[in-house]
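Colleague: only the shape, not the letters, is given here:
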DNA sequence: CTGTCAAACCATTTTATCCCACTTTGCACC
DNA sequence: GGTGCAAAGTGGGATAAAATGGTTTGACAG
């Protein structure tokens, strides 16, 4: 499989699961919504202004971007630096003697790039990450709990449609989960 | 299936099932009724004033709007911010390492948009959500337990008529449901 | 020495937000 | 019923902010 090609594998475990609620951007608002921007020939993209205000309100001017696979498709994941750091800390403790975690470490951490937000509100996405996720001209930002994802818009639209279909065809995805637990309080 | 097109599949389980009774707008009144408004070229819609008073009495000036499919038709679902937050919290705990939940996350949460109510009592519905639900000129608001739904009026009328027909053809549809016990006492 | 790439700067276009004004509806009171 | 007032709903334009494109400067590697 060449870089940028669609990947048919399932999802990777979410990095977000490693981020405790306490480390998440505390009470400063959350990243929300899906925003489409364009990427220029140099690899620069504007961060959606609503995402920027979340960052600014916690005094963070720097993101960490790394590769990710979500629902079978390659994309990027971006975290505010402090969130990423707490993530690193956890992984470093976990991976001490467990060889299985080495691939996790290699995949997530080896290419994680530090991306400062410039004066115009943009970041530069390194070429290897751009190629990996197939970023061409139209880019979509989608909100996550403690960070956000960056997709080529075509890929994202496909993933979204697939997700819709999967949920319609398989409502059991919900019923198997105990989402209503606190109803019985 | 392109955006805005009718979807013929069945319903998704209601997001409302994820919201515990305790988190629902406590004793501040409920959203009730069906209200028709118009949407302007910029995507602005007035929130029905009765819905607004429910919001104001609990001090909430912000809604979160996301895509949804109800009875086979695309629409939007809107929640007061605090209700939505409790929902996010649950998902973030659940989604830890279950890849199947990626679809749920991608469909429900990734596009959920923060929509502050402006001075004139309106919200701006982002273009992607407008397209998704086919909002054109006439919009219908229908009440839910802890939030409400937003439809293109044509779609809503169709859904309502279909529901009526289904009940007429099958009057026993509800006979298995226990609607008479008062669980919440 | 040269070529490449990234950072900083600046300029232009596009978009969104706020504000005000108008129309319509509903309600109380005459 | 009618009349007047207040609230709700609607539309558009001005202004600020966001998004994008290009050029120059500087660092580093070949």
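Modeller: Yep, it's here. Nothing here was measured: the structure is a model prediction, and the numbers come from that model. Numbers count the residues shown, from 1 in each chain, chains lettered A, B, ... in the order given.

Colleague: and residue A:139, what are its bridge partners?
Modeller: Counting by DSSP bridges, residue A:139 forms beta bridges with residue A:37, residue A:152.

Colleague: okay but it is in contact with residue A:43, surely?
Modeller: No. Judged on C-beta atoms under 8 Å, residue A:139 makes no contact with residue A:43 at a distance of 10.5 Å. C-beta coordinates here come from the backbone N, C-alpha and C atoms, glycine included.

Colleague: so residue A:120 lies in a strand, does it not?
Modeller: No. Checked against DSSP: H, G, I helix; E, B strand; the rest coil, residue A:120 lies outside a strand; its state is coil.

Colleague: list the contacts for it?
Modeller: The contact partners of residue A:120, by C-beta atoms under 8 Å, 6 or more residues apart in numbering or on different chains, come to residue A:46.

Colleague: what pLDDT does it get?
Modeller: As predicted, residue A:120 sits at a pLDDT of 96.

Colleague: then residue A:79?
Modeller: So residue A:79 comes in at 97 (pLDDT).

Colleague: is the helix or strand harbouring it in proximity to chain B?
Modeller: Secondary structure from DSSP states H and E places residue A:79 in strand A:73-80. No. Judged by C-beta under 8 Å from any C-beta of the partner chain, strand A:73-80 and chain B are separated, with a smallest distance of 9.8 Å.

Colleague: over to stretch A:44-54?
Modeller: Yes. Applying C-beta under 8 Å from any C-beta, one finds stretch A:44-54 touching chain B at residue A:50.

Colleague: please apply the same query to stretch A:103-119.
Modeller: No. Stretch A:103-119 does not reach chain B (C-beta under 8 Å from any C-beta); its nearest approach is 11.8 Å.

Colleague: can you give me the end-to-end distance of that stretch?
Modeller: 36 Å (C-alpha to C-alpha, to the nearest Å).

Colleague: and if you look at stretch A:64-81?
Modeller: 6 Å.

Colleague: does it reach DNA strand D?
Modeller: No. Under the criterion of C-beta under 7 Å from any atom of the strand, DNA strand D is not reached by stretch A:64-81; the shortest gap measures 14.6 Å.

Colleague: now residue A:126: phi and psi?
Modeller: phi -60, psi 150 (degrees, to the nearest 10).

Colleague: actually, residue A:32.
Modeller: Main-chain torsions, residue A:32, degrees, to the nearest 10: phi -140, psi 140.

Colleague: same check, this time on the one 10 residues further on
Modeller: Backbone torsions for residue A:42, taken as degrees, to the nearest 10, come to phi -90, psi -10.

Colleague: leaving out chain neighbours, which residue sits closest to the residue minimising distance to the centre of chain A?
Modeller: Chain A has residue A:77 as the residue nearest its centroid, 2.6 Å off, counting by C-alpha atoms, centre = their mean. In space, residue A:77 comes closest to residue A:68 once its chain neighbours are excluded; the distance is 4.1 Å by C-beta to C-beta, 6 or more residues apart in numbering or on different chains.

Colleague: number of residues surrounding residue A:82?
Modeller: Counted with other C-beta atoms under 10 Å in any protein chain shown, the neighbours of residue A:82 add up to 15.

Colleague: that one is in contact with residue A:62, isn't it?
Modeller: No. Judged on C-beta under 8 Å, residue A:82 makes no contact with residue A:62 at a distance of 9.1 Å.

Colleague: contacts only, for residue A:129.
Modeller: Applying C-beta under 8 Å, 6+ apart, the residues near residue A:129 are A:65, A:66, A:67, A:76, A:111, A:113.

Colleague: re the thing from before, would you agree the residue nearest to residue A:77 falls within a strand?
Modeller: Yes. Residue A:68 sits within a strand when classified using three-state DSSP.

Colleague: show me the contacts for residue A:143.
Modeller: So residue A:143 contacts A:30, A:31, A:32, A:33, A:34, A:51, B:109, B:110, B:112 (C-beta under 8 Å, 6+ apart).

Colleague: recalculate using a threshold of 10 Å.
Modeller: A:30-35, A:48, A:50-51, A:54, A:149, B:88, B:105, B:109-114 (C-beta atoms under 10 Å, 6 or more residues apart in numbering or on different chains).

Colleague: apart from its chain neighbours, what residue comes closest to it?
Modeller: residue A:31 (4.0 Å).

Colleague: in which helix or strand would I find that neighbour?
Modeller: Counting by DSSP H and E, residue A:31 is found in no helix or strand.

Colleague: touching, the residue nearest to the centre of chain A and residue A:67? I think so.
Modeller: Yes. The criterion here is C-beta atoms under 10 Å, and residue A:77 meets it with residue A:67 at 7.7 Å.

Colleague: tell me how many other residues crowd the closest residue to DNA strand C within chain A.
Modeller: Closest contact between chain A and DNA strand C, by C-beta to the nearest atom of the strand, is at residue A:124 (4.4 Å). As a burial measure, residue A:124 scores 18 neighbours (other C-beta under 10 Å).

Colleague: can you pull out the low-pLDDT segments for chain A?
Modeller: A:1-27, A:95, A:171-185 (pLDDT under 70).

Colleague: quick one, helices of chain A?
Modeller: A:49-57, A:81-94, A:100-104, A:127-133, A:153-169, A:172-175 (DSSP state H).

Colleague: got the residues of chain A near DNA strand D?
Modeller: So far as C-beta under 7 Å from any atom of the strand goes, chain A lies against DNA strand D at A:35, A:37-38, A:40-41, A:45-49, A:52-53, A:120-122.

Colleague: which of the residues you listed sit farthest apart?
Modeller: A:41 and A:53 (27.8 Å; C-beta to C-beta).
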